[in-house]
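[1] Fold the following and give me the result.
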Amino acid sequence: PDTVCIGEPVNIANTSTGAVRYEWDFCSGDLEQVPQVRPVVTISGANIPTNLTTVFDGENWFGFFFSRDNNTLFRLDFGNDLNNTPTVVNVGAFGNPVSRPEPLAFVKEGNNWYAFTSNFSIPSNIATSKLIRLDFGTSLLNAPTIADLGNPNNSLSVVRSIRVERENGDYIMVLTNTGSGTVAIINLGSSVTNAINSANVLVTPAFPGSNNRLISTSVIKDCDTWYGITTSETNGKLYRLRFGTSLFSVPQITEIQASVALSFPTLSVLLRDQNYYAIVPSELGNVYVVNFGQSMQNTPSIRNLGDFSVLSNSYGFTVAQTGSDFVGFSLGYLNRQVSRINFPSSCGVEPSTANGTNPTVTFAETGTRQATLKVFNASGDVNVTTRSVFVRPNLTAAFTATNTCLGQPVAFAAPANPAGNRAVSYT
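    As a prediction, this is how the structure comes out:
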């Protein structure tokens, strides 16, 4: 229903088709709030740590990142809650073909875990800008083995970010080339262990404009259309990528005309809450929220959530959703410090999340609330929809009477919307 009463159980009608899993969120809007930022842990033994990535294995949360300049992989063990203080684990240093690795993207295929990284070669060197796969086996607690995938079609040039998405049963990689100012798209097919065919590699033209230094690209699906956001550090630009219905395609690239000047934007994270958002940190410690509203095609509003000095000098930034909460982390490459970013969440609903087909919820606060449903099919594809619900307070009948003298007309008056309700008739 679009209108419900405060304090009364509401049965949600789910009309989705073709889904095998549901994720409900009845407490949205967190990403528009100013977050709380706290230092968590300092990484001993790291040398230029970058690209912190969080992973959930179904029971526990982990953080992974490479210490770039000594080729060392670190793991953060959070247990079952990202708000726990993590245990830092040095997984080990790697030799050839690993050389100054930066990005990390994790994938679970069947029962096995994999990750992809690439070497940071300055100046750009085709021979060393390799794509590397890490095979963890059935547990993220394992030390991974390394597979050298080379440089497919010479498409890689100082890769600073990697994303892997599932589309129609295939694994699609999106890689940001700082060296050439391009984005590479690779279709791995139905398995991440497949050999890469040259026909399955695409590269965009160089991005428009001058003085580009592309850092990251994040992607998201809006209905049937794939979009991406690419950050350019030196000129403070954001670019929108429109891939169309297939992620494995060369996207249309347009610059987003920013309403707020962005100072050295680095990594970006695209998320869906009540709206589509990009969370973009700055090397100077700013955190920007880019709000696209209900469609990634909209002209976004951009807001600087604040200058958080503890987040400066970071090329490691991630945001994960756990239940109804969004929790982010930043990793400074100079001070080697991990900081936690908590976006406030308070909306007066119980439960705030659910996984059932037709959940029952109770709202404890009045006003317009948002309910978001993510549905997943058997191939892992996801579709998201958001609806508004008006929660009205308990109805209170009230009226006034004037001119109550004998024999005189009495005027009765009742508020049009008593106590904030939507009054539609009077008897």
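[2] Could you export stretch 61-70 as PDB, CA atoms only?
    Coordinates of each C-alpha in stretch 61-70 appear next as PDB, following Å, rounded to 0.1, in the frame of the first residue of the first chain:
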ATOM      1  CA  TRP A  61      33.600  -9.800   6.500                       C
ATOM      2  CA  PHE A  62      37.100  -9.300   5.200                       C
ATOM      3  CA  GLY A  63      39.100  -6.500   3.800                       C
ATOM      4  CA  PHE A  64      41.900  -7.000   1.300                       C
ATOM      5  CA  PHE A  65      44.500  -4.700  -0.200                       C
ATOM      6  CA  PHE A  66      48.000  -4.700  -1.700                       C
ATOM      7  CA  SER A  67      51.000  -2.900  -0.200                       C
ATOM      8  CA  ARG A  68      52.100  -1.700  -3.700                       C
ATOM      9  CA  ASP A  69      55.800  -1.100  -3.200                       C
ATOM     10  CA  ASN A  70      56.700  -4.300  -1.500                       C
END
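[3] who does the least confident helix or strand in the chain by mean pLDDT touch, helix- and strand-wise?
    Lowest on mean pLDDT, DSSP states H and E among the helices and strands of the chain sits strand 400-402, with a mean of 75. On a contact count with 3 or more Cβ pairs under 8 Å, 6 or more residues apart in numbering; DSSP states H and E, strand 400-402 meets strand 411-413. Heads up, the C-betas are built off the backbone N, CA and C, glycines and all.
[4] in its sheet, what does the strand it packs on sit against?
    With DSSP bridges as the test, strand 411-413 is paired with strand 400-402 (antiparallel).
[5] got the contact list for the strand it pairs with?
    For strand 400-402, contacts defined as Cβ atoms under 8 Å, 6 or more residues apart in numbering pick out 410-414.
[6] Can you list the low-confidence ranges for the protein?
    Applying pLDDT under 70 to the chain flags residues 1, 122-127, 346, 379-381, 395-397, 404, 415-427.
[7] what's the residue nearest the centre of it in contact with, if anything?
    Central residue of the chain (Cα atoms, centre = their mean): L271, 3.6 Å from the mean position. Contacts were defined as Cβ under 8 Å, 6+ apart; by that measure L271 touches 31, 220, 277-279, 319, 321, 326.
[8] Kindly report the same for L76.
    41, 62-64, 86-89, 338.
[9] ok, so what distance separates it from I146?
    Between L76 and I146 the computed distance is 21 Å (Cβ to Cβ, to the nearest Å).
[10] Kindly report the same for R133.
    Here the criterion is Cβ to Cβ. By it, R133 lies 7 Å from I146.
[11] same deal with D224?
    37 Å.
[12] swap in S282?
    As for S282, its distance to I146 is 33 Å (criterion: Cβ to Cβ).
[13] quick one on the thing from earlier: ok, of the contacts of L271, which one's closest to T372?
    For the contacts of L271, the closest approach to T372 (Cβ to Cβ) belongs to Q321, at 10.3 Å.
[14] Now do the host helix or strand of that closest one: which elements does it pack against?
    Q321 is located in strand 314-322, with elements delineated by DSSP states H and E. If contacts are counted by 3+ Cβ pairs under 8 Å, 6+ apart, strand 314-322 sits against strand 49-56, strand 61-67, strand 269-272, strand 276-281, strand 325-332.
[15] can we see that at 7 Å?
    Applying 3 or more Cβ pairs under 7 Å, 6 or more residues apart in numbering; DSSP states H and E, one finds that strand 314-322 makes contact with strand 49-56, strand 269-272, strand 276-281, strand 325-332.
[16] distance of the nearest residue to S259 once chain neighbours are set aside from A278?
    Using Cβ to Cβ, 6 or more residues apart in numbering and skipping the chain neighbours, the partner closest in space to S259 is I302 (5.2 Å). According to Cβ to Cβ, I302 stands 9 Å off from A278.
[17] And L241, by the same measure?
    Taking Cβ to Cβ, one finds L241 at 12 Å from A278.
[18] now I253
    Counting by Cβ to Cβ, the gap from I253 to A278 is 15 Å.
[19] just D30 next, same as before
    Using Cβ to Cβ, one gets 15 Å for the distance from D30 to A278.
[20] These two: who's more crowded?
    Using other Cβ atoms under 10 Å as the criterion, D30 and A278 rank with A278 on top: 27 against 23.
[21] now, among the contacts of strand 400-402, which is nearest to L331?
    Once Cβ to Cβ is applied, the member of these that ends up nearest L331 is A414, at 59.9 Å.
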